[in-house]
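Engineer: Any chance you could fold what I've pasted below:
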Amino acid sequence: MEAKFQIFLILLAVLAGVALAARRFNVAPAILLMLAGVGLAFVPGMPSVELPPELVLLVVLPPLIYSASVAMSWREFKKNLRPIVLLAVGAVIFTTAMVAAATHYMIGLPWTVGFLLGAIVAPPDVVAPLAIARRLNMPRRILVVLEGEGLANDATALILYRFALAAIMVGHFSLPLAAGEFLLIVAGEIAFGIGVGWLSLRFRKWSGDPQVELTLSLITPYVSYWLPEHVGGSGVIATVACGLYVSWNGPLLISSATRLQGIFFWDLVIYLIEGMLFLLTGFQMRALYEKSKTFPLDDILIATAVVLVIVVIARFAWLYPATYLPRMLSRSLRERDPSPPWQWPFVLAFTGVRGAVSLAAALALPFALPDGEAFPYRDLILFVAFGVIFVTLIGVGLTLPPIVRWLGVAEAGRHEHAAEHEAEIAARRQALESALKSLDALTAEKDISDEVMRLLRARHDIRINQLPDSLDPNHHDISAAGTALTRDLIAAERKFIHNLLRDGQITDETRRRIERDLDLEEASLANREYRGGPL
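Structural biologist: Take a look at the predicted model:
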């Protein structure tokens, strides 16, 4: 037990060190974390650290999916539902079929094994692509489609995975029956996820305690995931539906104290989960290397190369027709949603990073069939899955930034970001004006002194004056200078309060209350700060 805890502390230290190095060298942390995991796996004396598949599928995946769903806008998800479904369902099925055909005719794998391997490597990861893409200032719609695809495609892949696994274990497969089960699973999980989200928000509102609410929020993804998964579904669709419901309905039901604490709580939880996931994925290289000694190396390399090429080609082959063909066939769609420039589907197709879910699905394969025979091609499937994950993560992570700059996609993202910031300024100003009108109405109903009125109006005047009239070229420099000076003033105030505490003029409780106000003001500065610089 002590040794395991020591390994855990080592991994935490590596996670923090790699994060600092990634910031220093401006590299996606996911890449360095996976490479660090591979390096640690071969350190002399380092015990082998296995990645239990149930840890990923039952413990790690639910909070990752739920957190991403809550962070996503239901309105944007619904607006982009067509491309998201085409990728999360259509592209996964198409890629699975392509991998099955290629491995059957080029390597000689049985069709059932090929479909199983295809289902494992078909879904791009929900974590790694966004961790890389968000750093590149890409247009918001590309990020929304990537995130929506990453949330839903695991469900399609895991359902196909179970169908293919059942066909190998039992020896037969019925396509009409499987299609009917697929639709039933999707409908049932959506309804269940919405129900869990509704109950979660009601329980959290009744509790009225931020600590209880955060505990309930941590339980919610597991409730929405585990029950559908236990009865034969994937659990992913239910968790996505639950998260989107909470995202849309939560703002008016969740208290401000819970929201403030929840942001920091969930940011830390997801940061630790994602970091550990990439580290442990890299750690699997050692176990695979030891197994590869009893397996023909040529077979591993050929199978990995074939599957890698197919998953890349299949994504491009699916995405361009899926982007432009519906618009060619439908005039109303063409008018409502004009075709994007060719660079956008190229970036979407290129950003197809496979992640730990693929590895967990491969690790979860049984060792033997019901009749006692060894599970066919199990080790080969495991090698190929890790190889595809490793190459796509490293390859995409290192080449995507220059490709995005070369295609000019980042420039469109910067213009979009500037327009979004203009809309934010307008929304803040309109909200303050609406609140001021409410103040006039409230004062007409209540007996409020002139002094209180002056204080309230002064507060509104200060907040309105903090907003720029427009995003002129000089505003960013002025805002940055003002923000830096405000931080200096807050630091001076902190130092003075600390001196009062040291001299015994105030208590620790008083210091904490004052410090909390200063913390909130500094956090507000960071929230308003506009970061629109170049890549």
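Engineer: Point out where the chain drops to low pLDDT.
Structural biologist: 1-3, 172-175, 292-294, 440, 442-447, 466, 468-482, 527-535 (pLDDT under 70).
Engineer: got the residue ranges for the helices in the stretch 351-500 of the chain?
Structural biologist: 356-363, 378-407, 409-445, 450-465, 475-502 (DSSP state H, counting those that start in this stretch).
Engineer: Need these in JSON lines (columns: mean neighbour count and distance to Phe265).
Structural biologist: To be clear about C-beta, it is placed using only N, CA and C from the backbone, and glycine gets the same treatment. Output for the helices of the stretch 351-500 of the chain, formatted as JSON lines (neighbours: other Cβ atoms under 10 Å; distance: least, Cβ to Cβ, whole Å):
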{"stretch": "helix 356-363", "mean neighbour count": "26", "distance to Phe265": "23"}
{"stretch": "helix 378-407", "mean neighbour count": "20", "distance to Phe265": "28"}
{"stretch": "helix 409-445", "mean neighbour count": "13", "distance to Phe265": "25"}
{"stretch": "helix 450-465", "mean neighbour count": "11", "distance to Phe265": "28"}
{"stretch": "helix 475-502", "mean neighbour count": "13", "distance to Phe265": "24"}
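Engineer: Let me have those in CSV, adding distance to Pro62 as columns.
Structural biologist: Formatted as CSV, the helices of the stretch 351-500 of the chain follow (distance: least, Cβ to Cβ, whole Å):
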stretch, distance to Pro62
helix 356-363, 12
helix 378-407, 20
helix 409-445, 31
helix 450-465, 39
helix 475-502, 38
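Engineer: For Gly148, which of those helices is the nearest?
Structural biologist: helix 356-363 (16.1 Å; Cβ to Cβ).
Engineer: Can you check what angle separates the closest one from helix 378-407?
Structural biologist: With axes from the mean of the first three to the mean of the last three Cα atoms, to 10 degrees defining the directions, helix 356-363 sits at 170 degrees from helix 378-407.
Engineer: Check what contacts helix 356-363 and list those residues.
Structural biologist: The contact list for helix 356-363 (Cβ atoms under 8 Å, 6 or more residues apart in numbering) reads 51-53, 55-57, 60-61, 119-121, 123, 125-127, 154, 157-158, 161, 277-278, 280-281, 284, 381-382, 385-386, 388-389.
Engineer: Quick check on those: which are buried?
Structural biologist: 51, 53, 55-57, 60-61, 119-121, 123, 125-127, 154, 157-158, 161, 277-278, 280-281, 284, 381-382, 385-386, 388-389 (16 or more other Cβ atoms under 10 Å).
Engineer: buried set for stretch 190-200?
Structural biologist: Ile190, Phe192, Gly193, Ile194, Val196, Gly197, Ser200.
Engineer: Quick check: buried residues in stretch 301-314?
Structural biologist: For stretch 301-314, by 16+ other Cβ under 10 Å, it's Ala303, Thr304, Val306, Val307, Leu308, Ile310, Val311, Val312, Ala314.
Engineer: Using JSON lines, please lay out these together with distance to Gly45 and secondary structure.
Structural biologist: As requested, the buried residues of stretch 301-314 are arranged in JSON lines below (distance: Cβ to Cβ, whole Å; DSSP: H, G, I helix; E, B strand; the rest coil):
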{"residue": "Ala303", "distance to Gly45": "33", "secondary structure": "helix"}
{"residue": "Thr304", "distance to Gly45": "30", "secondary structure": "helix"}
{"residue": "Val306", "distance to Gly45": "37", "secondary structure": "helix"}
{"residue": "Val307", "distance to Gly45": "34", "secondary structure": "helix"}
{"residue": "Leu308", "distance to Gly45": "33", "secondary structure": "helix"}
{"residue": "Ile310", "distance to Gly45": "40", "secondary structure": "helix"}
{"residue": "Val311", "distance to Gly45": "37", "secondary structure": "helix"}
{"residue": "Val312", "distance to Gly45": "38", "secondary structure": "helix"}
{"residue": "Ala314", "distance to Gly45": "42", "secondary structure": "helix"}
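Engineer: out of the helices of the stretch 351-500 of the chain, nearest to Trp342?
Structural biologist: Here helix 378-407 is closest among the helices of the stretch 351-500 of the chain (Cβ to Cβ), at 9.0 Å.
Engineer: Leaving out sequence neighbours, find the closest residue to Glu522.
Structural biologist: Ile490 (5.6 Å; Cβ to Cβ, 6 or more residues apart in numbering).
Engineer: contacting residues around that neighbour?
Structural biologist: Leu518, Glu521, Glu522.
Engineer: To what extent is Met98 buried, counted in neighbours?
Structural biologist: When neighbours are defined as other Cβ atoms under 10 Å, Met98 has 21 of them.
Engineer: Now do the helix or strand containing it: which elements does it pack against?
Structural biologist: Met98 belongs to helix 92-102 when assigned by DSSP states H and E. Where contact means 3 or more Cβ pairs under 8 Å, 6 or more residues apart in numbering; DSSP states H and E, helix 92-102 is packed against helix 111-121, helix 140-170, helix 297-329.
Engineer: can you give me the angle it makes with helix 111-121?
Structural biologist: Using the same axes, to 10 degrees: helix 92-102 against helix 111-121 is 140 degrees.
Engineer: What residues of helix 92-102 count as buried?
Structural biologist: So, applying 16+ other Cβ under 10 Å, buried residues of helix 92-102: Val92, Ile93, Phe94, Thr95, Thr96, Ala97, Met98, Val99, Ala100, Ala102.
Engineer: Show me which positions of stretch 213-231 end up buried.
Structural biologist: Those buried within stretch 213-231 under the rule 16+ other Cβ under 10 Å are 213-214, 216-218, 220-225, 228-229.
Engineer: same check, this time on stretch 328-342
Structural biologist: Pro340.
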